[in-house]
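A.B. asks: sequence isn't available, so here's the structure alone:
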């Protein structure tokens, strides 16, 4: 049967126990998981918009390189990519707070749902603080607003709260998690929540054409990666914080890097490097030649422009098994080479100007 | 990159050459392929409905067991599953003809697109005749109606025309084909057409969440099955016609079976068996015990009710590699056992009545 193999159902059941939710639908992509969630919730509350953080990946299907453009095109992108009305909750350059939630849910028409991303990818993996989350939960219950977790990086973010995924999930009506990011599966996502909600989400997944004749290859990959890696994240966060502290406190390296947030809240952090992209890539190529890869891809200026910093490039630094196994000394040595290269190119610039 | 691995692109290119179309998007499901096609075409021609055969799988996401209910719920199902207005072209119990097309496209507002299914699954794999297809092509061009092929079973249907898939595809603006049915891939579909159309379809596939982080497993399975099996269909049709002729001309067997259509037009045919489902399954279990499986699943009364035949069950008989390798004698012997069983249960019924 389409998408209903026993192994898939058994894994969905395993996830309901792990997250403490009644029901689960496994799906090939997170976009589809969250689209199905939106359809189910929004169709029950017509005329009310969805409240989302300005950087929500539901609205922006591609990775973003520049936060400044976000707020301008938000409504249009909601209509185009989600086919529904959306309102912004909070501001692009920082995590959502309870004050944002209060202001947003006070609008008329009242939003039908609020999605909170833990951790917020575009904000260096930082998350709404726990107290604000509890207040948000209470307010949503009072106002009949569906509270959804965009947990694409929940495994990465949970150790930052010092709580289990189930404890965090208990504050939400529905939860989406991903299996291909920190867990390393070939693709795959899960949506969890009440049984009738999940049954409706499965109908939407079918309508959208995301239920393959066999999703066993994806499901098996998700299951194996879940079982192997889901317990590793607290250690990954400890390791990332060690790394960030070492780089932030080195007087030579901290001339050229800063971290957003300064202390990682999840197993992902944004690292801003002083310098022009081409020069940085040349320096990185030399470091890589000595067998230490420091970043995957420079992603533009991020929120730098809004915050008044210029001449920086950022990259996403995720602590997966590979990065975690890197010796601290190799990392520091690599970054010293980058810092030296940036310093010499600055000196050269000054010399040319004089 | 999401869905953009070199091997996937190379296979898409291979398909453009095979079908003689400028561009191709590979996708995990046919539902998503055709949904993306509908979004692209319909959004360019607002206020106009989609014209579809009453049995279209785009409207009915599940397999249908009874044709009679189809026409009643068509509009509602279009709205529910497609999120758009649909009008019926033709009648549920037979293939679409040019007369149907003329009548349908004469309506106001004129349909934005017409989808023709080759072969029509719910009509025993029969297809619109070639002359009607040519006239339909010409009329659609005249009236600015997008002509789309639902080619879920194009490989099965092409030998019935005595034409290549490319020759048939040349009559359509866009073509969807499937890789998991006759070709046996784990899942997967392709949409082909003009380059700007395919580029837009890829945007929709992304919006709907059908573009996985890696679709390589699906793409590789599609490619291998395409290369291995796509040339086998003319022989499969010859084999199916031999089988059907043997069963139809056996005076004992033809008391209990008939075929729709009587001579297969594709490598799929519907076989109607006289008898009640439970009794038929008991008889089949005995035959299977002697190592010959005659059907997969009985699917209810099909179009029987509309056409005045009662007491029949139908099943889909697809000629894949496994069925094709069955010795004709084993098949005939198996069906003689079914026929004997049906005859004796009729006799028993009569005896009980007397």
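C.D. replies: Structure's in. What do you need? The structure displayed is predicted, hence computed values, not measured ones.
A.B. asks: which residues of chain A lie near chain B?
C.D. replies: A:27-35, A:61, A:81-82, A:180, A:186-188, A:206-218 (CB under 8 Å from any CB of the partner chain). Glycine gets a C-beta too; all of them are placed from N, C-alpha and C.
A.B. asks: so which of these are in helices?
C.D. replies: Under the assignment DSSP state H, the residues of chain A next to chain B contribute A:30, A:31, A:32, A:33, A:34, A:35, A:206, A:207, A:216, A:217, A:218 to helices.
A.B. asks: would you list those in a markdown table and tack on pLDDT?
C.D. replies: Formatted as a markdown table, these follow (pLDDT from 0 to 100):
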| residue | pLDDT |
| --- | --- |
| A:30 | 91 |
| A:31 | 91 |
| A:32 | 92 |
| A:33 | 95 |
| A:34 | 96 |
| A:35 | 94 |
| A:206 | 89 |
| A:207 | 90 |
| A:216 | 78 |
| A:217 | 79 |
| A:218 | 83 |
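A.B. asks: residue A:29 and residue A:329, how far apart?
C.D. replies: 39 Å (CB to CB, to the nearest Å).
A.B. asks: my error: substitute residue A:14 in the last question.
C.D. replies: Per CB to CB, residue A:14 is found 40 Å from residue A:329.
A.B. asks: neighbour count winner among these two?
C.D. replies: Per other CB atoms under 10 Å in any protein chain shown, whichever of residue A:14 and residue A:329 has more neighbours is residue A:14, with 14 against 9.
A.B. asks: pretty sure the more buried one contacts residue A:222?
C.D. replies: No - assessed by CB atoms under 8 Å, residue A:14 is found out of contact with residue A:222, at 10.4 Å.
A.B. asks: return the residues in contact with residue A:261.
C.D. replies: For residue A:261, the contacting residues are A:123, A:124, A:125, A:126, A:269, by CB atoms under 8 Å, 6 or more residues apart in numbering or on different chains.
A.B. asks: strands along chain A, start to end?
C.D. replies: Ranges of strands in chain A, per DSSP state E, are A:23-27, A:50-52, A:86-88, A:113-117, A:146-151, A:174-178, A:189-193, A:257-260, A:268-274, A:312-318.
A.B. asks: could you count how many residues lie near the closest residue to chain B within the stretch 201-350 of chain A?
C.D. replies: Nearest residue of the stretch 201-350 of chain A to chain B: residue A:209, at 2.8 Å (CB to the nearest CB). Residue A:209 has 25 neighbours, counted by other CB under 10 Å.
A.B. asks: need the strands of chain A in TSV (columns: mean neighbour count and mean pLDDT).
C.D. replies: Output for the strands of chain A, formatted as TSV (neighbours: other CB atoms under 10 Å in any protein chain shown; pLDDT from 0 to 100):
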stretch	mean neighbour count	mean pLDDT
strand A:23-27	26	94
strand A:50-52	28	97
strand A:86-88	21	96
strand A:113-117	27	98
strand A:146-151	25	98
strand A:174-178	27	97
strand A:189-193	28	97
strand A:257-260	20	94
strand A:268-274	23	94
strand A:312-318	21	91
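A.B. asks: relative to residue B:119, which of those strands is closest?
C.D. replies: Closest approach to residue B:119 among the strands of chain A is made by strand A:23-27 (31.0 Å; CB to CB).
A.B. asks: give me the sheet partners of that closest one and which way each runs.
C.D. replies: strand A:189-193 (antiparallel) (DSSP bridges).
A.B. asks: quick one, what contacts the residue sitting nearest the centre point of chain A?
C.D. replies: Centroid-nearest residue in chain A: residue A:121, 3.3 Å away (criterion: CA atoms, centre = their mean). Counting by CB under 8 Å, 6+ apart, residue A:121 makes contact with A:55, A:57, A:152, A:153, A:268, A:316.
A.B. asks: excluding chain neighbours, what is closest to the residue of the stretch 201-350 of chain A closest to chain B?
C.D. replies: Excluding its sequence neighbours, the residue lying closest to residue A:209 (CB to CB, 6 or more residues apart in numbering or on different chains) is residue B:32, at 2.8 Å.
A.B. asks: and for that neighbour, the neighbour number?
C.D. replies: For residue B:32, the count of nearby residues is 28 (other CB under 10 Å).
A.B. asks: leaving out sequence neighbours, find the closest residue to the residue in the stretch 51-200 of chain A that chain B sits nearest to.
C.D. replies: Residue of the stretch 51-200 of chain A nearest chain B, by CB to the nearest CB: residue A:187 (3.7 Å). The shortest distance from residue A:187 to any non-neighbouring residue, by CB to CB, 6+ apart, is to residue B:212 (3.7 Å).
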